[in-house]
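K.L.:
pasting the sequence and the predicted coordinates here, then a few questions.
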Amino acid sequence: MSVVANHTPDIAIDVHGLSKSFGGREVVHDLSMQVRRGTIYGFLGPNGSGKTTTIRMLCGLLTPDSGDGTCLGYDIRRDADRIKRLVGYMTQRFSLYQDLSVRENLEFVARLYGLPDARGAAREMIERIGLKGREEQLAGNLSGGWKQRLALGACTLPNPKLLLLDEPTAGVDPKARRDFWNEIHALAADGLTVLVSTHYMDEAERCHEIAYIAYGHLLAHGTVEEVIAGSALSTYTVTGDDLNVLTAELTGKGGIDMVAPFGTSLHVSGRDKAALDATVASYRNDPRWQWQDSEPSLEDVFIDLMGRARDNFQ
Amino acid sequence: MSAIEAIHPAVETREPAFGFWRRSYAMLVKEFIQLRRDRVSFAMIVMIPVMQLLLFGYAINTTPRHLPTAVLIQEDSDLGRSILKAMENTAYFRFTREVHDVAEFDNLLKSGKVLFGVEIPRGFERAVRRGDKPALLVAADATDPIASSAALGALGALVQTALEHDLHVGDPPDMPFEIRTHARYNPAAESRLNIVPGLVGTILTMTMLIFTALSVTREIERGTMESLLSMPIKPVEVMFGKIIPYVIVGFVQASLIVGIGVLLFGVPILGSVLLLAALTTLFITTNLSIGYTFSTIVQNQLQAMQLSMMFFLPSILLSGFMFPFAGMLLWAQYLGEGLPLTHYVRIVRAIMLKGAGLANLQYDTIALIVLMLVAMTIAVTRFRRTLD
């Protein structure tokens, strides 16, 4: 076991060319990714982009049609049973037993993983996730935020080496989300590797590394800065009045790849800096608008990636 | 929004012509499509009435014929042979075994391999000719009164038939010999003595099947299967985890039914209570395994219910619980042998009413074990470990 586990000591997830189809539709296409141990790896992409399918292939819930790789040093095709022992998987939809209490759910998990003192482990976890006083409440009666805490508690209970979190903060209020991320960082600091899928840009920026997936294709990966730099997108931030007029005018013009409102300002972006400047030039002197050179936001980059992916893969 | 309203004022809010019918039709089409996709439900629509018709119409015979009978011939005589021939001619009896002593004969009756035994005593013909009025012994397993009473009733007329052929004694009304029938195990021919033990099996079949038939589909439908599969648990473990609690539930149920049967209906337990408990537990486990197997085959809870019902119906009709097993057509009997209830009905009646021991019930016990193992094997191989 130690031989296998030490084979790639720094890499928790190392997969190559994963593909998966359902009913003739390819959901994940030729996906390769490496996740270093102890990092928080953000997995981003629109709905239906293949995030959940990828996560399920990593933990042995789905068999890839092609491709191979290792998860914590174990072959994802052959060693699913071993991987399952070391991986905590938090499903997108709450999938603990609604008709069991908080304590019963945790004890169930603890027993299933064969922890020596299931009751004690459950009690500790209840305290750790702040559910003390609610341990006898049925899981189905908990609010969204509490359910999410319970789910995280359940998947960290058996001391996994890798956490796979599938949109863990969907439908959770901002305070609970912040607490949740603090917990994730604390776990990562202890050496746990975390792969987390999300839609939220602020969450993406809390990750050590991110990957962007759309239409089953992994389009970009690296740190947030690397992804932004890699996009080669040039962006102007425009403020002023009648921004909707400007939006209407610019949309579809040469060199303009994206026009998106950001609160009271407008982001105008293009991949070809020269073409962008040429188109923008005639509007720059309009007194209604103030133009400012700026960095594209992560969201700009993702929407651009998604737009290009749609052109390429659909 | 405002632009649309300006062009088509109030179009959105007006009730379309025949709106009710349109929506109803849309709903009807949707339901049909869903039904067509749900193949098991679709099959049920046809299967249930067809099955009922076939089972009630052909397989069930309330005046059972060709019932297995053992003969003990102590004397080879013309009269003896014509009596046996006459018995066979009534079509109620079918001589399946010839035995050589009373013990063998008792054993066959106790294990349910035969329902009747006929003994032609030594010196029978001579005694008849001498006018001694000897007795022809017919023993019947009367645990199931329906099966035995019609056949016993036919015996009276039989004497006449036999006489016409072989005895040329002048005075017909004067009976030259007597047929002494002996209704064993249930001499008063009380139906409830037969029904109550059978009910234990019937009720257990229904409840046990449904408990486990829903178990896997429920996990899938509630979304908990995804979590469960991501954890290190094996299909066999899932199966046992889901079966064992219900073994206890089933045992409590069985004790309740038997208890009420004994206290309220005065049904005896002539055999070993321990053996009854052990074989009942086996039967419960067999049913739970079959229910669980259904659960791994179907896609949703509705299908699971339907499949359970489809299994339950022949169990009731073909197990010998409701109608005498021996009176059914041969193909129905073969089908019945594949149902756990058939074997359990024999076991429970034999232990409670006849005081049978394990030695008498070997065949049925082994049959239950085989059915259980087959079901478990299918369940474990069918259980999907991934969400593919």
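P.N.:
Sure thing, it's come through.

K.L.:
any idea how far A:Leu187 is from A:Pro160?
P.N.:
Between A:Leu187 and A:Pro160 the computed distance is 10 Å (CB to CB, to the nearest Å). Every C-beta, even on glycine, is put in place using the N, C-alpha and C of the backbone.

K.L.:
list the residues that contact A:Pro259.
P.N.:
Not Pro; residue A:259 is Val. A:Leu246, A:Thr247, A:Leu250, A:Thr251, A:Leu266, A:His267, A:Val268, A:Ser269 (CB atoms under 8 Å, 6 or more residues apart in numbering or on different chains).

K.L.:
now the first one: which helix or strand?
P.N.:
Meaning A:Leu246. Using DSSP states H and E, A:Leu246 maps to helix A:243-250.

K.L.:
list the buried residues in the next helix or strand after that helix.
P.N.:
Moving toward the C-terminus from helix A:243-250, the next helix or strand (DSSP H and E) is strand A:258-262. Residues of strand A:258-262 classed as buried by neighbour count (16 or more other CB atoms under 10 Å in any protein chain shown): A:Met258, A:Val259, A:Ala260.

K.L.:
which helix or strand contains the residue nearest to the last one when sequence neighbours are not counted?
P.N.:
Pointing back at A:Ala260 there. Leaving aside its chain neighbours, A:Ala260 sits nearest to A:His267 (4.9 Å; criterion: CB to CB, 6 or more residues apart in numbering or on different chains). Assessed by DSSP H and E, A:His267 sits inside strand A:265-270.

K.L.:
same check on A:Ile13?
P.N.:
strand A:11-22.

K.L.:
in a helix, B:Arg97, correct?
P.N.:
No - applying DSSP: H, G, I helix; E, B strand; the rest coil, one finds B:Arg97 to be strand, outside a helix.

K.L.:
list the beta-bridge partners for it.
P.N.:
B:Arg97 has these beta-bridge partners by DSSP bridges: B:Ala70.

K.L.:
so where's chain B uncertain?
P.N.:
Counting by pLDDT under 70, the ranges of chain B that qualify are B:1-37, B:41-42, B:44-63, B:159-175, B:188-192.

K.L.:
at 50 instead, please
P.N.:
Residues of chain B meeting the criterion pLDDT under 50: B:1-13, B:170, B:172.

K.L.:
okay, now the domains of it?
P.N.:
Taking automatic domain parsing as the reference, chain B has its domains at B:67-184, B:191-387.

K.L.:
now for those, which one comes closest to A:Thr52?
P.N.:
When the domains of chain B are compared by CB to CB, domain B:191-387 sits nearest A:Thr52, at 9.9 Å.

K.L.:
does chain A have contacts with that closest one?
P.N.:
Yes - Domain B:191-387 reaches chain A (CB under 8 Å from any CB of the partner chain) through B:222-227, B:229-233, B:385-387.

K.L.:
return the member of the buried residues of strand A:258-262 nearest to A:Pro174.
P.N.:
Closest to A:Pro174 out of those is A:Ala260 (22.5 Å), distances taken as CB to CB.

K.L.:
distance of that closest one from A:Val301?
P.N.:
Separation of A:Ala260 from A:Val301 (CB to CB) stands at 11 Å.

K.L.:
rewinding a little: counting by contacts, list what the strand holding A:His267 packs against.
P.N.:
Helices and strands touching strand A:265-270, as assessed by 3 or more CB pairs under 8 Å, 6 or more residues apart in numbering or on different chains; DSSP states H and E, comprise strand A:234-240, helix A:243-250, strand A:258-262, helix A:273-284, helix A:298-313.

K.L.:
now do stretch B:221-241: distance from first to last residue.
P.N.:
Stretch B:221-241 stretches 19 Å from its first residue to its last (CA to CA, to the nearest Å).

K.L.:
buried ones in that stretch?
P.N.:
Those would be B:Thr224, B:Met225, B:Glu226, B:Ser227, B:Leu228, B:Leu229, B:Ser230, B:Met231, B:Pro232, B:Ile233, B:Val238, B:Met239, for stretch B:221-241 by 16+ other CB under 10 Å.

K.L.:
in the stretch 1-150 of chain B, which spans are strands?
P.N.:
With DSSP state E, counting those that start in this stretch, the ranges of strands along the stretch 1-150 of chain B come out as B:67-73, B:93-99, B:116-120, B:135-141.

K.L.:
correct me if wrong: A:Ser231 contacts A:Leu305.
P.N.:
Yes - using CB atoms under 8 Å, A:Ser231 is in contact with A:Leu305, at 7.1 Å.

K.L.:
what's the overlap in contacts for these two?
P.N.:
Shared contacts of A:Ser231 and A:Leu305 (CB under 8 Å, 6+ apart): A:Ala220.

K.L.:
so A:Leu61, which of the three states?
P.N.:
On the basis of three-state DSSP, A:Leu61 is classed as coil.

K.L.:
now for it: which residues touch it?
P.N.:
A:Tyr89, B:Glu226, B:Leu229, B:Ser230, B:Thr386, B:Leu387.

K.L.:
kindly report the same for A:Gly144.
P.N.:
Per CB under 8 Å, 6+ apart, neighbours of A:Gly144: A:Gly171, A:Val172, A:Asp173.

K.L.:
just the pLDDT for the last one.
P.N.:
Predicted confidence (pLDDT) for A:Asp173: 88.

K.L.:
how close does A:Ala188 get to A:Asn182?
P.N.:
11 Å.

K.L.:
that should have said A:His208, apologies.
P.N.:
On the measure of CB to CB, A:His208 and A:Asn182 end up 15 Å apart.

K.L.:
in the strand or helix carrying B:Val370, what counts as buried?
P.N.:
Per DSSP H and E, B:Val370 falls inside helix B:362-382. By neighbour count on 16+ other CB under 10 Å, the buried set for helix B:362-382 is B:Asp364, B:Thr365, B:Ala367, B:Leu368, B:Leu371, B:Met372, B:Ala375, B:Met376, B:Ile378, B:Ala379, B:Val380.

K.L.:
partner strands of the strand holding A:His267, with direction?
P.N.:
Going by DSSP bridges, the partners of strand A:265-270 are strand A:234-240 (antiparallel), strand A:258-262 (antiparallel).

K.L.:
sec struct for residue 287, please.
P.N.:
No chain in the question, so chain A it is. Applying three-state DSSP: A:Pro287 is coil.
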